[in-house]
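Chemist: compute the structure for the input listed below.
(chains A, B, C and D)
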There are 2 protein chains.
Amino acid sequence: MAVPSSSNELFTPAASPLFLREDEVRRGVELLYFGYTRLTRSVDELLVEHGFGRAHHRALYFIARQPDLPVNALLKILSITKQSLGRVLNDLSAKGLVETRAGEQDRRQKLLRLTESGLAFEAQLFETLRTGLSAAYAAAGQESVTGFWRVLEGLIPEDEKPMVMKLQGRGR
Amino acid sequence: MAVPSSSNELFTPAASPLFLREDEVRRGVELLYFGYTRLTRSVDELLVEHGFGRAHHRALYFIARQPDLPVNALLKILSITKQSLGRVLNDLSAKGLVETRAGEQDRRQKLLRLTESGLAFEAQLFETLRTGLSAAYAAAGQESVTGFWRVLEGLIPEDEKPMVMKLQGRGR
DNA sequence: AAGATGGGACAGCCATGTTGACGTATCTTG
DNA sequence: CAAGATACGTCAACATGGCTGTCCCATCTT
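Modeler: Below is the predicted model of the structure:
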(Lines give C-alpha, C1' and ligand atoms only; values in the text may rest on other atoms or scores of the structure.)
Protein backbone atom coordinates (compact mmCIF):
# COMPACT_ATOMS: atom_id res chain seq x y z
CA MET A 1 0.00 0.00 0.00
CA ALA A 2 2.71 2.44 0.90
CA VAL A 3 4.77 1.58 -2.15
CA PRO A 4 3.20 2.13 -5.56
CA SER A 5 3.50 -0.75 -7.96
CA SER A 6 6.38 -0.55 -10.37
CA SER A 7 4.00 0.01 -13.26
CA ASN A 8 2.64 3.17 -11.67
CA GLU A 9 3.92 6.02 -13.76
CA LEU A 10 3.37 8.59 -11.08
CA PHE A 11 6.10 6.92 -9.14
CA THR A 12 8.80 7.66 -11.68
CA PRO A 13 7.63 10.54 -13.83
CA ALA A 14 10.95 11.02 -15.59
CA ALA A 15 12.17 7.48 -15.34
CA SER A 16 13.03 6.97 -18.97
CA PRO A 17 12.67 9.06 -22.08
CA LEU A 18 11.27 5.98 -23.77
CA PHE A 19 8.48 5.69 -21.26
CA LEU A 20 6.89 9.09 -21.25
CA ARG A 21 3.87 10.13 -19.34
CA GLU A 22 0.73 8.74 -20.84
CA ASP A 23 -0.88 12.14 -21.26
CA GLU A 24 1.94 13.46 -23.38
CA VAL A 25 1.66 10.52 -25.68
CA ARG A 26 -2.13 10.73 -25.89
CA ARG A 27 -1.88 14.40 -26.65
CA GLY A 28 0.48 13.71 -29.53
CA VAL A 29 -1.67 10.91 -30.87
CA GLU A 30 -4.77 13.06 -30.83
CA LEU A 31 -3.17 16.12 -32.35
CA LEU A 32 -1.65 13.98 -35.05
CA TYR A 33 -5.02 12.44 -35.80
CA PHE A 34 -7.02 15.66 -35.83
CA GLY A 35 -4.30 17.69 -37.50
CA TYR A 36 -3.86 15.20 -40.28
CA THR A 37 -7.54 14.69 -40.94
CA ARG A 38 -8.35 18.38 -40.86
CA LEU A 39 -5.57 19.28 -43.24
CA THR A 40 -6.72 16.69 -45.74
CA ARG A 41 -10.41 17.46 -45.31
CA SER A 42 -10.27 20.63 -47.38
CA VAL A 43 -8.42 18.82 -50.14
CA ASP A 44 -10.99 16.04 -50.12
CA GLU A 45 -13.76 18.49 -50.93
CA LEU A 46 -11.88 19.78 -53.94
CA LEU A 47 -11.21 16.23 -55.07
CA VAL A 48 -14.78 15.00 -54.99
CA GLU A 49 -15.87 17.96 -57.08
CA HIS A 50 -13.67 16.49 -59.79
CA GLY A 51 -14.73 12.91 -59.22
CA PHE A 52 -11.56 11.79 -57.53
CA GLY A 53 -10.67 10.45 -54.12
CA ARG A 54 -7.74 10.67 -51.78
CA ALA A 55 -5.96 7.83 -53.52
CA HIS A 56 -5.86 9.86 -56.72
CA HIS A 57 -4.41 12.79 -54.87
CA ARG A 58 -1.61 10.74 -53.42
CA ALA A 59 -0.61 9.50 -56.84
CA LEU A 60 -0.82 12.97 -58.36
CA TYR A 61 1.16 14.43 -55.50
CA PHE A 62 4.10 12.06 -55.72
CA ILE A 63 4.22 12.08 -59.50
CA ALA A 64 4.33 15.87 -59.37
CA ARG A 65 7.09 15.63 -56.84
CA GLN A 66 9.25 13.27 -58.89
CA PRO A 67 8.51 13.51 -62.59
CA ASP A 68 9.41 10.41 -64.59
CA LEU A 69 8.89 8.26 -61.56
CA PRO A 70 8.75 4.56 -62.47
CA VAL A 71 5.62 2.73 -61.39
CA ASN A 72 7.59 0.55 -59.04
CA ALA A 73 8.99 3.52 -57.16
CA LEU A 74 5.52 4.93 -56.71
CA LEU A 75 4.32 1.58 -55.41
CA LYS A 76 7.00 1.64 -52.75
CA ILE A 77 6.19 5.19 -51.74
CA LEU A 78 2.50 4.43 -51.37
CA SER A 79 2.90 0.91 -49.94
CA ILE A 80 -0.12 -0.42 -51.78
CA THR A 81 -0.54 -3.23 -54.29
CA LYS A 82 -0.09 -2.67 -57.98
CA GLN A 83 -3.72 -3.61 -58.53
CA SER A 84 -4.88 -0.77 -56.30
CA LEU A 85 -2.51 1.66 -57.91
CA GLY A 86 -3.48 0.43 -61.35
CA ARG A 87 -7.07 1.49 -60.91
CA VAL A 88 -6.03 4.93 -59.77
CA LEU A 89 -3.55 5.44 -62.59
CA ASN A 90 -6.10 4.30 -65.13
CA ASP A 91 -8.55 6.89 -63.84
CA LEU A 92 -5.92 9.59 -63.97
CA SER A 93 -4.71 8.84 -67.45
CA ALA A 94 -8.28 8.41 -68.71
CA LYS A 95 -8.90 11.97 -67.58
CA GLY A 96 -5.68 13.12 -69.17
CA LEU A 97 -3.85 14.09 -66.01
CA VAL A 98 -1.04 11.56 -66.19
CA GLU A 99 0.99 10.23 -69.10
CA THR A 100 3.67 7.57 -69.35
CA ARG A 101 6.78 7.03 -71.40
CA ALA A 102 8.97 3.97 -71.66
CA GLY A 103 12.17 4.09 -69.63
CA GLU A 104 15.35 4.78 -71.56
CA GLN A 105 17.84 2.49 -69.93
CA ASP A 106 15.20 -0.07 -69.05
CA ARG A 107 12.38 -0.11 -71.54
CA ARG A 108 10.18 -2.30 -69.37
CA GLN A 109 9.69 0.63 -67.03
CA LYS A 110 6.95 3.15 -67.50
CA LEU A 111 7.88 6.58 -66.32
CA LEU A 112 4.99 8.58 -64.93
CA ARG A 113 4.57 12.30 -65.32
CA LEU A 114 1.78 14.82 -65.18
CA THR A 115 0.33 16.43 -68.27
CA GLU A 116 -0.25 20.16 -68.46
CA SER A 117 -3.68 19.83 -66.92
CA GLY A 118 -2.36 17.33 -64.39
CA LEU A 119 0.18 19.88 -63.26
CA ALA A 120 -2.50 22.53 -63.03
CA PHE A 121 -4.79 20.35 -60.98
CA GLU A 122 -2.05 19.23 -58.64
CA ALA A 123 -1.06 22.86 -58.14
CA GLN A 124 -4.62 23.70 -57.23
CA LEU A 125 -4.78 20.89 -54.69
CA PHE A 126 -1.43 21.90 -53.30
CA GLU A 127 -2.62 25.44 -52.80
CA THR A 128 -5.19 24.11 -50.39
CA LEU A 129 -2.51 22.28 -48.44
CA ARG A 130 -0.28 25.30 -48.50
CA THR A 131 -2.97 27.55 -47.15
CA GLY A 132 -3.67 25.30 -44.21
CA LEU A 133 -0.14 24.37 -43.34
CA SER A 134 1.32 27.83 -43.84
CA ALA A 135 -1.16 29.27 -41.41
CA ALA A 136 -0.20 26.67 -38.83
CA TYR A 137 3.51 27.28 -39.44
CA ALA A 138 3.07 31.01 -39.11
CA ALA A 139 1.05 30.75 -35.93
CA ALA A 140 3.56 28.38 -34.35
CA GLY A 141 6.77 30.09 -35.41
CA GLN A 142 9.86 28.80 -37.18
CA GLU A 143 11.30 27.11 -34.14
CA SER A 144 8.17 25.09 -33.64
CA VAL A 145 8.24 24.10 -37.27
CA THR A 146 11.65 22.51 -36.99
CA GLY A 147 10.49 20.68 -33.88
CA PHE A 148 7.43 19.52 -35.78
CA TRP A 149 9.66 18.12 -38.52
CA ARG A 150 12.04 16.49 -36.09
CA VAL A 151 9.38 14.57 -34.22
CA LEU A 152 7.73 13.39 -37.41
CA GLU A 153 11.05 12.22 -38.80
CA GLY A 154 11.42 10.12 -35.68
CA LEU A 155 8.21 8.29 -36.53
CA ILE A 156 9.59 7.02 -39.81
CA PRO A 157 11.41 3.68 -39.58
CA GLU A 158 15.11 3.82 -40.37
CA ASP A 159 14.79 1.73 -43.50
CA GLU A 160 12.20 4.09 -44.97
CA LYS A 161 13.99 7.34 -44.23
CA PRO A 162 16.10 7.28 -47.39
CA MET A 163 12.96 7.19 -49.50
CA VAL A 164 11.41 10.16 -47.72
CA MET A 165 14.62 12.17 -47.69
CA LYS A 166 15.09 11.53 -51.36
CA LEU A 167 11.67 12.95 -52.11
CA GLN A 168 12.77 16.09 -50.39
CA GLY A 169 15.99 16.28 -52.31
CA ARG A 170 17.98 15.89 -49.14
CA GLY A 171 20.44 13.17 -50.05
CA ARG A 172 19.92 10.25 -47.74
CA MET B 1 10.51 39.88 -68.45
CA ALA B 2 12.69 41.83 -66.11
CA VAL B 3 10.09 41.77 -63.39
CA PRO B 4 9.03 38.38 -62.10
CA SER B 5 5.32 37.83 -61.94
CA SER B 6 3.79 38.46 -58.57
CA SER B 7 3.21 34.73 -58.14
CA ASN B 8 6.90 33.95 -58.42
CA GLU B 9 8.00 32.90 -54.97
CA LEU B 10 11.66 33.44 -55.60
CA PHE B 11 10.98 37.11 -55.87
CA THR B 12 9.76 37.49 -52.32
CA PRO B 13 11.03 34.57 -50.29
CA ALA B 14 9.88 35.97 -46.98
CA ALA B 15 7.02 38.02 -48.33
CA SER B 16 4.38 36.73 -45.98
CA PRO B 17 4.36 34.09 -43.31
CA LEU B 18 1.15 32.86 -44.92
CA PHE B 19 2.85 32.15 -48.20
CA LEU B 20 5.83 30.03 -47.28
CA ARG B 21 8.28 28.45 -49.62
CA GLU B 22 6.80 25.51 -51.40
CA ASP B 23 9.49 23.11 -50.23
CA GLU B 24 8.80 23.79 -46.59
CA VAL B 25 5.15 23.07 -47.07
CA ARG B 26 5.81 19.92 -49.11
CA ARG B 27 8.21 18.73 -46.47
CA GLY B 28 5.57 19.14 -43.79
CA VAL B 29 2.90 17.44 -45.87
CA GLU B 30 5.12 14.46 -46.54
CA LEU B 31 6.37 14.06 -43.01
CA LEU B 32 2.82 14.30 -41.74
CA TYR B 33 1.69 11.64 -44.18
CA PHE B 34 4.53 9.21 -43.56
CA GLY B 35 4.69 9.87 -39.83
CA TYR B 36 0.99 9.32 -39.36
CA THR B 37 0.79 6.20 -41.48
CA ARG B 38 3.88 4.63 -39.95
CA LEU B 39 2.71 5.25 -36.42
CA THR B 40 -0.63 3.63 -37.12
CA ARG B 41 0.83 0.77 -39.14
CA SER B 42 2.08 -1.12 -36.11
CA VAL B 43 -1.30 -0.74 -34.42
CA ASP B 44 -3.06 -2.02 -37.51
CA GLU B 45 -1.17 -5.29 -37.34
CA LEU B 46 -2.24 -5.85 -33.77
CA LEU B 47 -5.82 -5.01 -34.70
CA VAL B 48 -6.17 -7.45 -37.56
CA GLU B 49 -4.90 -10.26 -35.35
CA HIS B 50 -8.03 -9.64 -33.29
CA GLY B 51 -10.33 -9.23 -36.26
CA PHE B 52 -10.73 -5.48 -35.97
CA GLY B 53 -9.89 -2.52 -38.15
CA ARG B 54 -8.79 1.03 -37.65
CA ALA B 55 -12.35 2.18 -37.16
CA HIS B 56 -12.66 -0.05 -34.12
CA HIS B 57 -9.49 1.35 -32.68
CA ARG B 58 -10.70 4.92 -32.99
CA ALA B 59 -13.88 4.11 -31.13
CA LEU B 60 -12.02 2.16 -28.44
CA TYR B 61 -9.50 4.93 -28.08
CA PHE B 62 -11.97 7.74 -27.52
CA ILE B 63 -14.22 5.71 -25.27
CA ALA B 64 -11.19 4.87 -23.16
CA ARG B 65 -10.32 8.53 -23.09
CA GLN B 66 -13.75 9.68 -21.95
CA PRO B 67 -15.64 6.96 -20.12
CA ASP B 68 -19.42 7.34 -20.16
CA LEU B 69 -19.24 9.21 -23.41
CA PRO B 70 -22.67 9.53 -25.03
CA VAL B 71 -22.95 8.17 -28.55
CA ASN B 72 -23.61 11.61 -29.93
CA ALA B 73 -20.38 12.99 -28.51
CA LEU B 74 -18.41 10.17 -30.06
CA LEU B 75 -20.08 10.85 -33.40
CA LYS B 76 -18.88 14.44 -33.27
CA ILE B 77 -15.35 13.43 -32.36
CA LEU B 78 -15.12 10.95 -35.21
CA SER B 79 -17.10 12.99 -37.75
CA ILE B 80 -18.76 9.96 -39.26
CA THR B 81 -22.39 8.95 -39.64
CA LYS B 82 -24.21 7.07 -36.94
CA GLN B 83 -24.68 4.15 -39.33
CA SER B 84 -20.94 3.78 -39.73
CA LEU B 85 -20.36 4.09 -36.02
CA GLY B 86 -23.22 1.69 -35.32
CA ARG B 87 -21.52 -1.14 -37.14
CA VAL B 88 -18.31 -0.60 -35.23
CA LEU B 89 -20.02 -0.36 -31.88
CA ASN B 90 -21.99 -3.52 -32.54
CA ASP B 91 -18.80 -5.40 -33.29
CA LEU B 92 -17.18 -4.10 -30.15
CA SER B 93 -20.05 -4.92 -27.83
CA ALA B 94 -20.55 -8.31 -29.49
CA LYS B 95 -16.97 -9.09 -28.52
CA GLY B 96 -17.55 -7.77 -25.04
CA LEU B 97 -15.19 -4.81 -25.21
CA VAL B 98 -17.76 -2.05 -24.86
CA GLU B 99 -20.84 -1.75 -22.71
CA THR B 100 -23.53 0.90 -22.44
CA ARG B 101 -25.66 2.34 -19.70
CA ALA B 102 -28.61 4.67 -19.96
CA GLY B 103 -27.87 8.31 -19.16
CA GLU B 104 -29.00 9.53 -15.77
CA GLN B 105 -30.31 13.00 -16.52
CA ASP B 106 -31.38 12.02 -20.02
CA ARG B 107 -32.34 8.41 -20.26
CA ARG B 108 -32.43 8.44 -24.05
CA GLN B 109 -28.68 8.68 -24.08
CA LYS B 110 -26.46 5.63 -24.03
CA LEU B 111 -23.23 6.15 -22.21
CA LEU B 112 -20.34 4.17 -23.61
CA ARG B 113 -17.58 2.64 -21.57
CA LEU B 114 -15.05 -0.12 -21.91
CA THR B 115 -15.38 -3.43 -20.10
CA GLU B 116 -12.47 -4.97 -18.27
CA SER B 117 -11.25 -6.70 -21.38
CA GLY B 118 -11.93 -3.60 -23.45
CA LEU B 119 -9.67 -1.64 -21.14
CA ALA B 120 -7.00 -4.30 -21.40
CA PHE B 121 -7.14 -4.38 -25.16
CA GLU B 122 -7.06 -0.62 -25.50
CA ALA B 123 -4.08 -0.52 -23.17
CA GLN B 124 -2.29 -3.02 -25.35
CA LEU B 125 -2.97 -0.97 -28.47
CA PHE B 126 -1.89 2.15 -26.68
CA GLU B 127 1.40 0.57 -25.71
CA THR B 128 2.20 0.27 -29.39
CA LEU B 129 1.49 3.94 -29.92
CA ARG B 130 3.47 4.86 -26.86
CA THR B 131 6.48 2.92 -27.99
CA GLY B 132 6.56 4.61 -31.38
CA LEU B 133 5.78 8.12 -30.26
CA SER B 134 7.98 8.06 -27.16
CA ALA B 135 10.95 7.09 -29.25
CA ALA B 136 10.29 10.00 -31.61
CA TYR B 137 9.81 12.39 -28.69
CA ALA B 138 13.00 11.24 -27.06
CA ALA B 139 15.03 11.51 -30.23
CA ALA B 140 13.71 14.98 -30.96
CA GLY B 141 13.89 16.47 -27.48
CA GLN B 142 11.33 18.25 -25.35
CA GLU B 143 11.59 21.52 -27.18
CA SER B 144 10.80 19.87 -30.49
CA VAL B 145 7.84 18.16 -28.91
CA THR B 146 6.21 21.42 -27.93
CA GLY B 147 6.82 22.72 -31.44
CA PHE B 148 5.25 19.55 -32.80
CA TRP B 149 2.17 20.16 -30.67
CA ARG B 150 1.95 23.81 -31.57
CA VAL B 151 2.00 23.28 -35.31
CA LEU B 152 -0.59 20.50 -35.12
CA GLU B 153 -2.86 22.66 -32.99
CA GLY B 154 -2.72 25.23 -35.74
CA LEU B 155 -4.13 22.71 -38.19
CA ILE B 156 -7.32 22.30 -36.19
CA PRO B 157 -10.09 24.73 -37.12
CA GLU B 158 -11.07 27.16 -34.37
CA ASP B 159 -14.52 25.71 -33.92
CA GLU B 160 -13.13 22.23 -33.30
CA LYS B 161 -10.43 23.20 -30.86
CA PRO B 162 -12.70 23.11 -27.80
CA MET B 163 -13.53 19.47 -28.50
CA VAL B 164 -9.88 18.49 -28.81
CA MET B 165 -8.78 20.48 -25.77
CA LYS B 166 -11.59 18.96 -23.74
CA LEU B 167 -10.34 15.48 -24.56
CA GLN B 168 -7.03 16.49 -23.12
CA GLY B 169 -8.56 17.90 -19.98
CA ARG B 170 -7.26 21.34 -20.85
CA GLY B 171 -10.34 23.47 -20.35
CA ARG B 172 -11.44 25.10 -23.54
C1' DA C 1 -50.50 16.22 -26.73
C1' DA C 2 -47.08 17.44 -30.30
C1' DG C 3 -42.71 17.87 -31.75
C1' DA C 4 -37.72 17.51 -31.13
C1' DT C 5 -33.97 14.64 -29.92
C1' DG C 6 -31.00 10.38 -28.93
C1' DG C 7 -30.33 6.14 -30.55
C1' DG C 8 -30.95 1.97 -33.56
C1' DA C 9 -31.67 -0.72 -37.77
C1' DC C 10 -32.28 -2.15 -42.79
C1' DA C 11 -30.82 -1.64 -47.49
C1' DG C 12 -27.77 -0.44 -50.91
C1' DC C 13 -23.87 2.19 -52.92
C1' DC C 14 -18.96 3.67 -53.43
C1' DA C 15 -13.88 4.11 -52.75
C1' DT C 16 -9.98 1.79 -51.87
C1' DG C 17 -7.53 -1.59 -49.87
C1' DT C 18 -6.50 -6.92 -50.29
C1' DT C 19 -5.24 -12.01 -52.66
C1' DG C 20 -4.47 -14.89 -56.34
C1' DA C 21 -3.68 -16.08 -60.97
C1' DC C 22 -1.92 -15.11 -65.48
C1' DG C 23 0.16 -12.76 -69.62
C1' DT C 24 3.73 -10.11 -72.07
C1' DA C 25 7.81 -7.53 -72.88
C1' DT C 26 12.35 -6.83 -71.67
C1' DC C 27 16.60 -7.41 -69.09
C1' DT C 28 20.15 -10.38 -67.00
C1' DT C 29 22.87 -14.25 -66.50
C1' DG C 30 24.84 -19.01 -66.82
C1' DC D 1 21.29 -18.15 -76.67
C1' DA D 2 18.07 -20.13 -73.46
C1' DA D 3 16.22 -19.61 -68.90
C1' DG D 4 14.86 -17.02 -65.36
C1' DA D 5 13.99 -12.64 -63.14
C1' DT D 6 11.79 -8.27 -63.37
C1' DA D 7 8.43 -4.39 -64.69
C1' DC D 8 4.00 -3.78 -65.80
C1' DG D 9 -0.83 -4.90 -66.76
C1' DT D 10 -5.32 -7.25 -66.20
C1' DC D 11 -9.27 -10.16 -64.57
C1' DA D 12 -11.84 -11.64 -60.63
C1' DA D 13 -13.38 -11.77 -56.05
C1' DC D 14 -13.50 -10.08 -51.48
C1' DA D 15 -13.21 -6.85 -47.05
C1' DT D 16 -13.41 -2.52 -44.73
C1' DG D 17 -15.41 1.50 -43.70
C1' DG D 18 -17.20 5.50 -45.41
C1' DC D 19 -21.97 7.31 -47.43
C1' DT D 20 -27.34 8.22 -48.35
C1' DG D 21 -32.12 7.30 -47.47
C1' DT D 22 -35.77 5.59 -44.79
C1' DC D 23 -38.20 4.19 -40.84
C1' DC D 24 -38.78 3.17 -35.86
C1' DC D 25 -38.88 3.66 -30.81
C1' DA D 26 -38.18 5.88 -26.38
C1' DT D 27 -37.79 9.92 -24.02
C1' DC D 28 -37.49 14.81 -23.23
C1' DT D 29 -39.32 19.48 -23.98
C1' DT D 30 -42.85 22.71 -24.68
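Chemist: quick check: the residue most central in space within chain A vs A:Leu111, distance?
Modeler: Among the residues of chain A, the one closest to the centroid is A:Arg58, at 8.0 Å (Cα atoms, centre = their mean). Remark: distance between A:Arg58 and A:Leu111 (Cβ to Cβ, to the nearest Å) = 18 Å. All C-beta atoms are positioned from the backbone trio N, CA, C, and that covers glycine.
Chemist: sorry, back to before: now for the residue nearest to the centre of chain A: which residues touch it?
Modeler: A:Leu78 (Cβ atoms under 8 Å, 6 or more residues apart in numbering or on different chains).
Chemist: quick one, phi psi at A:Gly96?
Modeler: phi 70, psi 30 (degrees, to the nearest 10).
Chemist: is the stretch of helix or strand the residue nearest to the centre of chain A belongs to up against DNA strand C anywhere?
Modeler: Following DSSP states H and E, one finds A:Arg58 within helix A:54-65. Yes - Helix A:54-65 lies within reach of DNA strand C by Cβ under 7 Å from any atom of the strand, at A:54-56, A:58.
Chemist: what's the residue of chain A found nearest chain B sitting at in phi/psi?
Modeler: Taking Cβ to the nearest Cβ, chain B has its nearest neighbour within chain A at A:Gly147, 2.4 Å off. When quoted as degrees, to the nearest 10, the phi and psi of A:Gly147 stand at phi -60, psi -40.
Chemist: need the contact list for the residue lying closest to it once chain neighbours are set aside.
Modeler: The shortest distance from A:Gly147 to any non-neighbouring residue, by Cβ to Cβ, 6 or more residues apart in numbering or on different chains, is to B:Gly147 (2.4 Å). Neighbouring residues of B:Gly147 by Cβ under 8 Å, 6+ apart: A:140-141, A:143-148, A:150-151.
Chemist: so A:Lys161 sits right up against A:Glu153, yeah?
Modeler: Yes - counting by Cβ atoms under 8 Å, A:Lys161 touches A:Glu153, with 7.4 Å between them.
Chemist: out of the two, which sits in the more crowded spot?
Modeler: A:Glu153 (19 against 14; other Cβ atoms under 10 Å in any protein chain shown).
Chemist: let me know the helix or strand that the more buried one is in.
Modeler: helix A:142-155.
Chemist: cool, A:Glu99 as well?
Modeler: Assigned by DSSP H and E, A:Glu99 falls within strand A:98-102.
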